[in-house]
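Participant: Output the structure for:
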Amino acid sequence: MIRRRRSRLEVYLEVLRVIGKGESKPTRIMYKTNLSWMPLQEILNFLVSQNLIKEIESNNRKEYFIMEKGKRILTYFEEIRKILPQEITEAYY
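Facilitator: Numbers count the residues shown, from 1 in each chain. All right, here's what the predicted structure looks like:
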């Protein structure tokens, strides 16, 4: 099966979803979202700058946790997905 390329929005939402489900370590997030290291770092930095996730560093290790604003965005897009016809949303989720 040929997979289509994910949009930037889809990738950002997928990173938020994975962090929201409890993955906090960058390497695990990278594997779960099927991203390479550099794009993931850019996405994480952006999400931190927008207060959607927070970064906590201890012992030279970074962990990421979803913030309330990030949870609201995921809920918002999930509600949109429920409203729109399946043909539209299955291409994006």
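
Participant: Low-confidence ranges, this structure, go.
Facilitator: Applying pLDDT under 70 to the chain flags residues 1-3, 86-93.

Participant: Let me see the ranges of the strands in this protein.
Facilitator: For the chain, the strands defined by DSSP state E cover 53-58, 61-66.

Participant: Contacts for the first one, please.
Facilitator: Meaning strand 53-58. 16, 19, 44, 47-48, 62-67, 70 (CB atoms under 8 Å, 6 or more residues apart in numbering). Just so you know, the C-beta spots here come from the backbone N, C-alpha and C atoms, and that holds for glycine as well.

Participant: can you give me the helices in this protein?
Facilitator: 8-20, 26-33, 37-49, 68-83, 86-89 (DSSP state H).

Participant: Out of those, which one sits most buried?
Facilitator: Most buried of the helices of the chain, by mean neighbour count (mean count of other CB atoms under 10 Å): helix 8-20, with a mean of 18.

Participant: Spatially central residue in this structure, please.
Facilitator: V15 (1.7 Å; CA atoms, centre = their mean).

Participant: Contact partners for that one?
Facilitator: Per CB under 8 Å, 6+ apart, neighbours of V15: 29, 33, 35, 40, 43-44, 47.

Participant: switch the cut-off to 6 Å
Facilitator: 33, 43 (CB atoms under 6 Å, 6 or more residues apart in numbering).

Participant: Tell me how far it lies from I83.
Facilitator: For V15, the distance to I83 equals 23 Å [CB to CB, to the nearest Å].

Participant: Over to I29?
Facilitator: On the measure of CB to CB, I29 and I83 end up 29 Å apart.

Participant: go on, T27?
Facilitator: For T27, the distance to I83 - CB to CB - is 36 Å.

Participant: Now the residue of the chain most remote from its centre, what are its backbone angles?
Facilitator: Most distant residue from the mean C-alpha position of the chain: N59, 24.5 Å away (CA atoms, centre = their mean). With angles defined as degrees, to the nearest 10, N59 sits at phi 50, psi 40.
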